[in-house]
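> Provided below for reference: sequence and predicted model.
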Amino acid sequence: MGYNIAQKIISQHLLSGEMKAGEEISIRIDQTLTQDATGTMAYLQFEAIGIPRVRTECSVAYIDHNTLQTGFENADDHRFIRTACAKYGLYYSRPGNGICHQVHLERFGAPGKTLLGSDSHTPTGGGIGMLAIGAGGLDVAVAMGGGGFYLTMPRVIKINLKGRLRPMVSAKDVILKVLEILSVKGGVGCIIEYGGDISSLSVPERATITNMGAELGATTSVFPADSVTAAFLTAQGRESAFIPLEADPDAEYDRIIDLDLSQLEPLAACPHSPDNIKPVSDLAGKKIDQVCIGSCTNSSLLDMLKVAKLLQGKTVHPDVSLVIAPGSKQVLDMLAKNGALSDIISAGARVLECACGPCIGMGQAPNSKGVSLRTFNRNFEGRSGTADGQIYLVSPETAVASALSGVFTDPRTLDVEIKVTLPKKFDVNDNMIIPPLADGTDVTVVYGPNIKPFPLNTALPEELQARAVLKVGDNITTDHIMPAGAKILPFRSNIPYLSQFCFAVCDKEFPARAKEWGGGFVIGGQNYGQGSSREHAALVPLYLGVKAVIAKSFARIHAANLINSGILPLTFANEADYDKIDQGDTLTLPELRQRLTEKQSLVLRNETKGIEFSLATNFSDRQIKMLLAGGLLNATREQ
Ligand code: MIC
Ligand code: SF4
């Protein structure tokens, strides 16, 4: 039997385990990336591991999230990361150079390579044929030190494409359609592999699609590497990085979904979930307040050229604020040189620096109850910075058409034709990327006062007894658990400070209650911890004394982050048992160490209700070791 693309890359990087769906495997990581909001923790952890220099082919630290600098914290963190890069042998992409995923695609991504990034949208690299996976900072720190990355061998779903997108229908509409089909948990445990007739899709379009595979909960998404990929790499002056990559003709898939591009129409993900999809034509006429264009999903030169063309000679509607953040310095520079930037500025767009910006709530919060159309990838409640903001995810074409009219507008109703092609040569100027030093031993890493030690768990006791300190429903995101945004994000290196905001979106009293009750258990529904890779959503609960999360199911990265921190992610053997726990109940997990070691199912006793039921566990030996030791760092030290 032949291999699909995912299996090909995995087999070439396999360090341990069997390539059988559901089995734990580990793979060698060629490249890593971090961004600043997860990076500070990752470099502190790298230091704690104690390896003098990174052992990957290439590791890059980007500064793109925390760039508002309303106080000293952001700039201090940038300096910490810059000096850590110099000491430990990493590339440093300076603030202003762009969003990690966009820059990595332009300047470092390469087909057939593995990339591990401390950001959930690392699968953007799948657009160029990489196996690019998002993970918590500690997993990335281990990979930087040359350690393998452990994951469950995923099932592979093929999306078989045919036809071509019609005018004004966009790559964004492709992935919104896939989200409609599969939902935000439909990709859990899977790699999404695209195939069929992909020749009409450019690399940036493919990257938009693989980027938002994160919203499916997928391990990653990947496209073949073909002549389109080769042309993109050549245009970036990196033709030597190209290798062709396609699935074997007899490759097998766990599921095949046929998608006819020519049948797609402009779509929108409605509040507050990326899989809450409606056709834009159904929303037509609805008044809007704000439009934001950018983020790692839709900030490429191709996107921006389309936007500029549609804005040319027009003015943004008086009731709408239009903000645009190009994805990288290369994009912004080329827009400036070819005049497209002037079209954007004259139309009245507010041009932001090349960074994540409003996507992570760093400014540009909409007005109260404001309807905001964004080309971003997440519309979780409160993420925009306005608690009752109504965020819709749309394509750049829909975004501009609506910004001009002041209401939701299907871009196909515009009387314009846009034909935009990528240049044969991008303007390459890596002057904002500081390459690694040959020898960093003499460099002193500089820590600012905002950098506080991260919490470390202790070995698991034989029995755990605590109260259900919080009970939440399905699809809880890491933005619920540990919100971001302008007021909180600057404190990513300061867990004690962050802890005041833990679960603030669900229950403002949670941090105080957790302190008063001495921590406890969190009870969750389906797909607990979906969304970002931020390990702060594990470290902060750890700091507040959370011992276990008992849920119907978990998102991949968050479950791994919990285990790395020594917090037990446990699932109900019978989902209906979720109803048998109320917030405040006292719960006991007896004979914990013994049952885990012997791989028996765990028992949960609800002391308040006088009942007990079993929990399903499916931990690997490695995970059990970590849980017993109180997390990955403790387990490593024990070894
Ligand atoms: C996000 O989009 O939520 C983030 C901010 O990029 C996160 C990482 C973080 O929380 O720092 C992600 O997607 O992993
Ligand atoms: Fe940045 Fe938004 Fe992309 Fe996260 S999703 S990396 S915040 S642009």
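Yep, it's here. Ligands and ions are numbered 1, 2, ... in the order given.

> What is the distance between the one helix or strand residue 229 maps to and the centre of its chain?
Using DSSP states H and E, residue 229 falls within helix 227-235. Distance of helix 227-235 from the chain centroid (CA atoms, centre = their mean, to the nearest Å) equals 26 Å.

> got the buried residues for it?
Across helix 227-235, burial judged by 16 or more other CB atoms under 10 Å covers 228, 229, 230, 231, 232, 233, 234, 235. All C-beta atoms are positioned from the backbone trio N, CA, C, and that covers glycine.

> next one: stretch 186-194
Neighbour-count burial for stretch 186-194 [16+ other CB under 10 Å]: 186, 187, 188, 189, 190, 191, 192, 193, 194.

> Dump these to JSON lines, plus secondary structure, distance to residue 338 and pLDDT.
What follows is the buried residues of stretch 186-194, written out as JSON lines (DSSP: H, G, I helix; E, B strand; the rest coil; distance: CB to CB, whole Å; pLDDT from 0 to 100):
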{"residue": "186", "secondary structure": "coil", "distance to residue 338": "40", "pLDDT": "97"}
{"residue": "187", "secondary structure": "coil", "distance to residue 338": "37", "pLDDT": "98"}
{"residue": "188", "secondary structure": "strand", "distance to residue 338": "42", "pLDDT": "97"}
{"residue": "189", "secondary structure": "coil", "distance to residue 338": "44", "pLDDT": "97"}
{"residue": "190", "secondary structure": "strand", "distance to residue 338": "40", "pLDDT": "98"}
{"residue": "191", "secondary structure": "strand", "distance to residue 338": "37", "pLDDT": "98"}
{"residue": "192", "secondary structure": "strand", "distance to residue 338": "34", "pLDDT": "99"}
{"residue": "193", "secondary structure": "strand", "distance to residue 338": "35", "pLDDT": "98"}
{"residue": "194", "secondary structure": "strand", "distance to residue 338": "30", "pLDDT": "98"}
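
> Please enumerate the strands of the stretch 301-450 of the chain.
321-324, 350-351, 371-374, 390-393, 433-434 (DSSP state E, counting those that start in this stretch).

> Redo these as a markdown table? Include distance to residue 57, mean neighbour count and mean pLDDT.
Converted to a markdown table, those look like this (distance: least, CB to CB, whole Å; neighbours: other CB atoms under 10 Å; pLDDT from 0 to 100):
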| stretch | distance to residue 57 | mean neighbour count | mean pLDDT |
| --- | --- | --- | --- |
| strand 321-324 | 34 | 24 | 98 |
| strand 350-351 | 35 | 15 | 98 |
| strand 371-374 | 35 | 27 | 98 |
| strand 390-393 | 34 | 26 | 98 |
| strand 433-434 | 16 | 17 | 98 |
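
> I'd like these laid out as TSV, including distance to residue 291.
Output for those, formatted as TSV (distance: least, CB to CB, whole Å):
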stretch	distance to residue 291
strand 321-324	5
strand 350-351	10
strand 371-374	5
strand 390-393	10
strand 433-434	31
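
> Let me see the mean pLDDT of the helix holding residue 229.
What helix 227-235 shows for mean pLDDT is 98.

> State the next helix or strand along the chain beyond it.
Counting by DSSP H and E, what follows helix 227-235 is strand 255-260.

> That next one pairs with which strands, parallel or anti?
Sheet pairing of strand 255-260 (DSSP bridges) gives strand 155-162 (parallel).

> Pull the residues that contact the partner strand.
4, 6-7, 21, 178, 182, 187, 189-198, 201, 247, 253-262 (CB atoms under 8 Å, 6 or more residues apart in numbering).

> picking up where we left off before, which strands and helices sit next to the helix holding residue 229?
helix 203-211 (3 or more CB pairs under 8 Å, 6 or more residues apart in numbering; DSSP states H and E).

> Name the residues that touch the helix it packs on?
101, 105, 121, 123-128, 132, 170-172, 174-175, 178, 192, 194, 198, 201, 220-223, 228-229, 232, 296-298, 300-303, 377, 422.

> Could I get the buried residues of helix 227-235 in a markdown table, plus columns for distance to ligand 2?
Formatted as a markdown table, the buried residues of helix 227-235 follow (distance: CB to the nearest ligand atom, whole Å):
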| residue | distance to ligand 2 |
| --- | --- |
| 228 | 23 |
| 229 | 22 |
| 230 | 26 |
| 231 | 25 |
| 232 | 20 |
| 233 | 22 |
| 234 | 27 |
| 235 | 23 |
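
> any idea how far the residue nearest the centre of the chain lies from residue 101?
Ranked by distance to the mean C-alpha position of the chain (CA atoms, centre = their mean), the top residue is residue 120 at 1.9 Å. Noted for residue 120: a distance of 10 Å to residue 101, by CB to CB, to the nearest Å.

> With residue 127 instead?
Residue 127 is 9 Å from residue 101, by CB to CB.

> elements contacting the helix or strand bottoming out on mean pLDDT in the chain?
Here the helix or strand of the chain ranked lowest by mean pLDDT, DSSP states H and E is helix 632-638, holding a mean of 89. Counting contacts by 3+ CB pairs under 8 Å, 6+ apart, helix 632-638 packs against helix 36-49, helix 137-144, helix 621-629.

> burial of residue 316, as a residue count?
18 (other CB atoms under 10 Å).

> Just confirm yes or no for stretch 161-180 near ligand 2.
No: Stretch 161-180 is not in contact with ligand 2 by CB under 6 Å from any ligand atom; minimum separation 13.2 Å.

> That stretch: end-to-end distance?
16 Å (CA to CA, to the nearest Å).

> quick one: average confidence on it?
98.
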